[in-house]
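**Student:** based on what follows, work out the 3D shape:
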Amino acid sequence: MRGKRLRIIRTIGLRIAVIPILLCMLVIIGNALGHLTPATVNPSSAVPGLPAAKPTPFWHSVYASFVAIGTLHWGTSPEITRDLVLRSLEISTILTFGSLFVAALIGIPCGILAALKPRNPIWQAVSAFSVLLGQVPPSDMAVILIFTFCLGWHLIPLTDGWGTFGDAILPIMTVACFNIGYMVKYTEAGMREVMQRSFITAARARGAGTAGVVVRHALRPALTGLLTFFGPQTPMTLFCTVIAEQAFAIPGIGTMLGIKVTTYGAPAFGSGTTLSVTLFIFGMFIMVLNLLIDIAYLWLNPLAD
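**Tutor:** Residues are numbered from 1 along each chain as shown. Next up, the predicted model:
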């Protein structure tokens with residue numbers, strides 16, 4: 001147990017030490033991309049007889065991006081922009097973690113039951129339906145949920161924006177449906193593999209029931225494969241969150257960045273600032289989620305002892 005704690009602490013330290021380096025690289029890459037003018041990317045777009053637009057010096061733009069990130073100010077009004085950024089991050093965090101929680105709450109039990117009852121037609125149908133559910137794009141899923149629960153059954157009122165608990169139900173379900181299928185299949189595959197191991201046979205020989213075997217012995221090692229999958233799946237979950245924000249007119253981080261570009265126009269500190277701040281925010285979000293996944297993997301993995 002002590003070795004597991006030391007390994008978790010070492011993993012947290014290494015991840016935290018690497019995060020600032022990766023974020024600085026994202027800022028520099030964002031400035032390099034935003035530093036390009038339309039005439040540089042596509043020479044045919046240059047207007048004859050007019051001088052080409054000269055971009056802000058590159059390293060000055062990099063410095064301005066770090067200033068913008070540190071002050072949460074890259075618009076025309078620093079106070080409004082700061083409140084907008086913090087509020088948008090809060091909403092996107094609720095949507096992302098809420099959707100993962102709902103997907104786990106539905107997908108993991110269904111995967112366990114599908115693995116324990118492989119010949120049951122009901123759980124075979126649930127497993128197959130979960131796969132089809134994960135293939136529906138989030139934009140289409142949002143339309144399906146709106147027509148079903150709002151316009152068809154009238155169970156949830158159709159609102160515009162964010163403010164009540166009811167406003168979060170359909171967006172969270174939109175993102176959760178994308179991950180439920182993966183959770184069901186990975187949990188089912190992991191549980192089937194674990195249930196065939198020798199320590200499960202030994203636990204049953206000692207008189208443990210099915211529920212006790214699953215909860216005490218099989219669940220933790222069965223979920224390690226699911227956590228391994230969700231490392232690279234995190235960016236897709238965040239992307240689905242942005243789509244859900246656009247579909248339901250929620251002022252999350254994706255909507256906020258779109259409003260910033262279309263309403264305020266050019267960034268205050270140069271053409272690369274908005275792109276750099278966008279990459280910084282999404283990069284920080286993904287790195288924090290992956291850090292939590294790594295910690296959960298070390299805690300669940302029995303070999304970490």
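**Student:** what separates Leu26 from Phe129, distance-wise?
**Tutor:** 39 Å (CB to CB, to the nearest Å). (Each C-beta comes from the backbone N, C-alpha and C, glycine too.)
**Student:** between those two, which one's more packed in?
**Tutor:** Leu26 (22 against 14; other CB atoms under 10 Å).
**Student:** surely the more buried one meets Gly283?
**Tutor:** Yes. With contact defined as CB atoms under 8 Å, Leu26 and Gly283 form a contacting pair (4.7 Å).
**Student:** distance between stretch 226-233 and the chain's centre?
**Tutor:** 11 Å (CA atoms, centre = their mean, to the nearest Å).
**Student:** can you show me the helices along the stretch 51-200 of the chain?
**Tutor:** In the stretch 51-200 of the chain, the helices defined using DSSP state H, counting those that start in this stretch lie at 58-71, 78-116, 121-134, 138-145, 166-195, 198-205.
**Student:** save these as TSV, and put in mean pLDDT and distance to Pro235 too.
**Tutor:** Shown next, in TSV, are those (pLDDT from 0 to 100; distance: least, CB to CB, whole Å):
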stretch	mean pLDDT	distance to Pro235
helix 58-71	55	20
helix 78-116	82	11
helix 121-134	86	16
helix 138-145	90	14
helix 166-195	89	12
helix 198-205	84	35
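**Student:** which residues sit in contact with Ala208?
**Tutor:** Arg216, His217 (CB atoms under 8 Å, 6 or more residues apart in numbering).
**Student:** give me the three-state assignment for it.
**Tutor:** The three-state assignment at Ala208 reads coil, by DSSP: H, G, I helix; E, B strand; the rest coil.
**Student:** what about it, distance to Glu245?
**Tutor:** 46 Å.
**Student:** likewise Ile28?
**Tutor:** 28 Å.
**Student:** equivalent analysis for Thr148, please.
**Tutor:** For Thr148 relative to Glu245 (CB to CB), the value is 20 Å.
**Student:** more neighbours: these two, which one.
**Tutor:** Glu245 (25 against 13).
**Student:** that one - nearest residue in space that isn't next to it in sequence?
**Tutor:** Closest residue to Glu245 apart from its sequence neighbours, by CB to CB, 6 or more residues apart in numbering: Gly252 at 3.8 Å.
**Student:** count the residues that sit near that neighbour.
**Tutor:** By other CB under 10 Å, 25 other residues sit near Gly252.
**Student:** correct me if wrong: it contacts Leu238.
**Tutor:** No. If you go by CB under 8 Å, Gly252 and Leu238 don't touch, sitting 10.3 Å apart.
**Student:** which residues do these two both contact?
**Tutor:** Joint contacts of Gly252 and Leu238 (CB under 8 Å, 6+ apart) are Ser92.
**Student:** how close does Val288 sit to Ala218?
**Tutor:** Counting by CB to CB, the gap from Val288 to Ala218 is 30 Å.
**Student:** hmm, I was thinking of Pro235
**Tutor:** From Pro235 to Ala218 the distance is 30 Å (CB to CB).
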